[in-house]
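S.K.: kindly generate the corresponding structure for this input.
(chains A and B)
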Amino acid sequence: MDWLHFAVFTVIIFIFVISGVLFFIWYERRGLGRFQIRPGPNRAGPFGLLQPVADAVKVLLKEDIVPALADKPVHFLAPLIAFVPALAVFAVIPFGDGALLANLNIGILYIMSVSSIVVIGIFMAGWSSSNKYSLLGAMRTIAQEVSYEIPLVLSILGAVMLAGSLSLNDIVKAQNVPFILLQPLGFLIYMTAAMAEINRTPFDLLEADSEIIAGFQTEYSGMKFGLFYLTEYAETLSVSAIASTLFLGGWAGPLLPGFVWLLIKIVAVFTFIMWVRATFPRLRIDQVMAFGWKFLLPLAMLNLVLTAILVLTGLNDKVWLAVPLNFALAFILIIGASRQFRTGGGHVIV
Amino acid sequence: MTLKTEQYVINIGPQHPSTHGVFRFRLTLDGEVITDVEPIFGYLHRGMEKIAEGRNYTKNIPLTDRLDYLSSMINNHAYCMAVENLMGVKVPERAEYIRVIMSELQRIASHLAGIGFFLNDIGAFMTPLLYMFREREKIVELFDMVCGQRLNYNYMRFGGVSMDLPRDFLPALNKLLGQLPGYVDEYDKLISTNEIALVRAKGVGILPRELAINASAAGPVLRGSGVRWDLRKDQPYSIYERFEFDIPTGETGDTYDRYIVRLEEIRQSVRILKQAVSQLPEGETLAKVSKLVRPPAGSETYAAVEGPKGELGFFVASDGTENPYRWHVRAPSLINLTVIREMLLGWKVADLMAIFGSIDIVMGEVDR
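M.R.: Okay, the predicted model is just below:
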């Protein structure tokens, strides 16, 4: 009956991602409205709930424009190549014990490899558009997204070491206390690097509306733009889901059913991402690179080494000792690293 | 090993979210580094000075509103002063106080927009801008109360102001003056301690003191470079010598200094406003001036005020007819823009928006 399991879960995942994305779009627009002391969309349906539907209809009806000098096949394929991996990531996210499409014993590895394909889609879009803003966005994509993969993976490895497994289902089961308590630094690094990966403020340099118009997606209109938009929110959904699974205990929680707990945690993580977006200005590309390589990477490595020591000495099983120790270490490391870290002036003599 | 790279040309503008109107940069880039800049303006040119020479003096007051539309009241003030000089008109005491109140409110409103758009340019996703528009809205409502307009006010007249303050004005103003310092502290806390805003602004786009003076830059751009020069103190006009206030200056002349000077100027304007409100006398608000203004033939004048963007001056020459013979504006936005190339070279595309935003220009004034 494997085929039935796959069919059912494929449908569930598809519905989950699409409805999740629609909810996020509504939630973010309403939330940002609150942050920015304005009402936000409230005309289409009760509380503006039909706003994403209206957006979707509008995007579908828009004319599809392709620049005359664009590399047409690449221009066409780019949004698909970006969207499909963002969807495929959910194959290994557990909604409950064993409730997932495929319980891969290399779940994390699968997520990392699949999600990194999005970069290719974005770069294809920027490169093929025959537009200099898009080209700048594409160059920034490669620089930024490839760089932040490394601290991202390293930060996840801490949770993997604690659980002793690469399967997301097993990692959730291994969390007697949520791993955020044992891996506070790992969680912070993960969130920072993941926000850079999914192109959210303060790392939204790929589109950077006030600088390079819309970056890689400048020349995209209609549903092709819509696919990029969907990708962005689907990625945000996946990042929130992975953070909830790895660090916040996934489906685990009292009273309520498992998937409800997972949804609550996903929304909580997304709210944090939205809060950051509403508050921070954008960094410059060299500052982003410096932050990734000189600040996050060493911290992630140190976190890995310290976690290894804790696991080897068995300290991790003594939760009452490990939690304060981990928080103290995280605090000291962040303060120490920020003392050493300088973004530099960025001026070039010409 | 050095990689062989190729420079390429990119246009920022004329239509671009961060060019504050229609302005065009022709940038030569090496990667993201700006190696050459050619600023090109004129996309909004309306021949305003020439139009003014074909209209009579009174009908030119509304034209000044449309120069720097974020500081219409101050433009009114400068132009009316110029014509009053030509005519030898004495403005009643109460009208002078009302003019100062309007000018300082306008300065706060303009700086709020300036800081807000600057932060928007460095990617702060509208939040600070909308917070600042909350206070700007209150000021605009006060202006609406006195003259029925919300952007192009046309409130001042030769010899005073068009009408006296309405009864509700002073209580509303006092309430706002009570709130403003708290709001400014809020912005200070939100932005001046924000690590990302600091790395984007500190040390970026330095305008050295000598260059600022040589380019005859003015306003927060000049004061950000450490030059203590403010027409309200150094060439007092209207009744500014009666008020106590400080002139904030920066140290290095970077983007951050220009921002912090503006923020501090809001606080100083609140100080001036409090004094002006407490000293406000009763009396006439408009001197007797003939309906058709005809300054003596051959007379000419230059009257300047300290606008939110710097020295705003009107040169008016008369040939004895009802239309000015020559009508020229010394627009601070245009003159501050002349140093943009020196400030941009060697910085990155993203810095262009921060530096350009920190100059705080309005294109209506640049392309007259």
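S.K.: could you list the residues of the stretch 251-350 of chain A in contact with chain B?
M.R.: The stretch 251-350 of chain A has residues A:277-287, A:343, A:345-350 near chain B, with proximity defined as Cβ under 8 Å from any Cβ of the partner chain. Every residue, glycine included, has its C-beta placed from N, CA and C.
S.K.: list buried residues within the residues you listed.
M.R.: The neighbour count (16 or more other Cβ atoms under 10 Å in any protein chain shown) marks A:277-287, A:343, A:346-348 as buried among those.
S.K.: pLDDT-wise, what's the bottom of those?
M.R.: Least confident by pLDDT among those: that is residue A:343, with 75.
S.K.: that residue: which element?
M.R.: Under DSSP states H and E, no helix or strand contains residue A:343.
S.K.: do the same with residue A:224
M.R.: According to DSSP H and E, residue A:224 maps onto helix A:222-247.
S.K.: residues in contact with the helix or strand following that helix?
M.R.: Note on helix A:222-247: by DSSP H and E, the next helix or strand toward the C-terminus is helix A:258-279. Residues outside helix A:258-279 that contact it (Cβ atoms under 8 Å, 6 or more residues apart in numbering or on different chains): A:20, A:24, A:27-28, A:31-32, A:35-36, A:95-97, A:99, A:191, A:195, A:200-202, A:236-237, A:239-241, A:243-245, A:248-253, A:256, B:124-125, B:127, B:190, B:194.
S.K.: kindly report the same for stretch A:41-50.
M.R.: Contacts of stretch A:41-50 (Cβ under 8 Å, 6+ apart): A:26, A:29, A:30, A:33, A:40, A:51, A:53, A:54.
S.K.: mind checking which of those residues are buried?
M.R.: Burial by neighbour count, 16+ other Cβ under 10 Å: within the contacts of stretch A:41-50 this picks out A:26, A:29, A:30, A:33, A:40, A:51.
S.K.: and the two most separated of the contacts of stretch A:41-50?
M.R.: A:33 and A:53 (18.0 Å; Cβ to Cβ).
S.K.: ok, back up a step: among the buried ones among the contacts of stretch A:41-50, which ones are in helices?
M.R.: Secondary structure defined by DSSP state H assigns A:26, A:29, A:30, A:33, A:51 of the buried ones among the contacts of stretch A:41-50 to helices.
S.K.: the last one contacts residue A:29, doesn't it?
M.R.: Yes. A contact is recorded between residue A:51 and residue A:29 when judged using Cβ atoms under 8 Å, the distance being 6.6 Å.
S.K.: any stretches of the chain with poor pLDDT?
M.R.: Picked chain A for this. Applying pLDDT under 70 to chain A picks out residues A:1, A:344.
S.K.: meant chain B actually
M.R.: Ranges of chain B meeting pLDDT under 70: B:1.
S.K.: next, the contact list for residue B:107, please.
M.R.: Applying Cβ under 8 Å, 6+ apart, the residues near residue B:107 are B:71, B:74, B:265, B:266, B:269, B:307, B:308.
S.K.: redo those as CSV? Include distance to chain A.
M.R.: As requested, those are exported to CSV (distance: Cβ to the nearest Cβ, whole Å):
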residue, distance to chain A
B:71, 23
B:74, 27
B:265, 22
B:266, 19
B:269, 23
B:307, 25
B:308, 22
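S.K.: let's see which of the residues you listed end up in strands.
M.R.: residue B:307 (DSSP state E).
S.K.: need the contacts of residue B:107 in CSV (columns: neighbour count and distance to residue B:205).
M.R.: Output for the contacts of residue B:107, formatted as CSV (neighbours: other Cβ atoms under 10 Å in any protein chain shown; distance: Cβ to Cβ, whole Å):
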residue, neighbour count, distance to residue B:205
B:71, 28, 23
B:74, 27, 26
B:265, 25, 19
B:266, 24, 22
B:269, 22, 25
B:307, 30, 21
B:308, 27, 19
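S.K.: write the PyMOL selection for whichever of the contacts of helix A:258-279 are buried.
M.R.: Of these, the buried ones go into a single PyMOL selection, burial set by 16+ other Cβ under 10 Å:
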select buried, (chain A and resi 20+24+27+28+31+32+35+36+95+96+99+191+195+200+201+202+236+237+239+240+241+243+244+245+248+249+250+251+252+253) or (chain B and resi 124+125+127+190+194)
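S.K.: among the contacts of stretch A:41-50, which are within reach of chain B?
M.R.: Contacts with chain B within the contacts of stretch A:41-50, counted by Cβ under 8 Å from any Cβ: none were found.
S.K.: wait, which of these is closest to chain B?
M.R.: Nearest to chain B, judged by Cβ to the nearest Cβ, of these is residue A:33 at 9.7 Å.
S.K.: how about that closest one: what's its closest non-neighbour residue?
M.R.: Leaving aside its sequence neighbours, residue A:33 sits nearest to residue A:40 (Cβ to Cβ, 6 or more residues apart in numbering or on different chains; 2.3 Å).
S.K.: buried residues in stretch B:204-215, which are they?
M.R.: Buried residues in stretch B:204-215, counted by 16+ other Cβ under 10 Å: B:204, B:205, B:206, B:207, B:209, B:212, B:215.
S.K.: please apply the same query to stretch A:213-220.
M.R.: For stretch A:213-220, burial by neighbour count (16+ other Cβ under 10 Å) applies to A:213, A:214, A:215, A:216, A:217, A:218, A:219, A:220.
S.K.: next one: that stretch to chain centre, how far?
M.R.: 20 Å (Cα atoms, centre = their mean, to the nearest Å).
S.K.: show me the contact partners of that stretch.
M.R.: A:65-67, A:70, A:75, A:79, A:122-123, A:125-126, A:129-131, A:133-134, A:136-138, A:140-141, A:205-208, A:212, A:225, A:228, B:16-17.
S.K.: end-to-end on that stretch?
M.R.: Stretch A:213-220 has its terminal residues 12 Å apart, counting by Cα to Cα, to the nearest Å.
S.K.: stretch A:339-350 now?
M.R.: 30 Å.
S.K.: ok, stretch A:343-350 next?
M.R.: 20 Å.
S.K.: show me how far that stretch is from its chain's centre.
M.R.: Put simply, stretch A:343-350 sits 30 Å off its chain's centre (Cα atoms, centre = their mean).
S.K.: same question, stretch A:50-70
M.R.: Counting by Cα atoms, centre = their mean, stretch A:50-70 is centred 24 Å from the centre of its parent chain.
S.K.: just stretch A:109-120 next, same as before
M.R.: What separates the centre of stretch A:109-120 from the centre of its chain is 11 Å, taken as Cα atoms, centre = their mean.
S.K.: what are the buried residues along it?
M.R.: Going by 16+ other Cβ under 10 Å, stretch A:109-120 has these buried residues: A:110, A:111, A:112, A:114, A:115, A:116, A:118, A:119, A:120.
S.K.: need those in a markdown table (columns: distance to residue B:285).
M.R.: As requested, these are arranged in a markdown table below (distance: Cβ to Cβ, whole Å):
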| residue | distance to residue B:285 |
| --- | --- |
| A:110 | 77 |
| A:111 | 72 |
| A:112 | 72 |
| A:114 | 73 |
| A:115 | 68 |
| A:116 | 70 |
| A:118 | 65 |
| A:119 | 66 |
| A:120 | 69 |
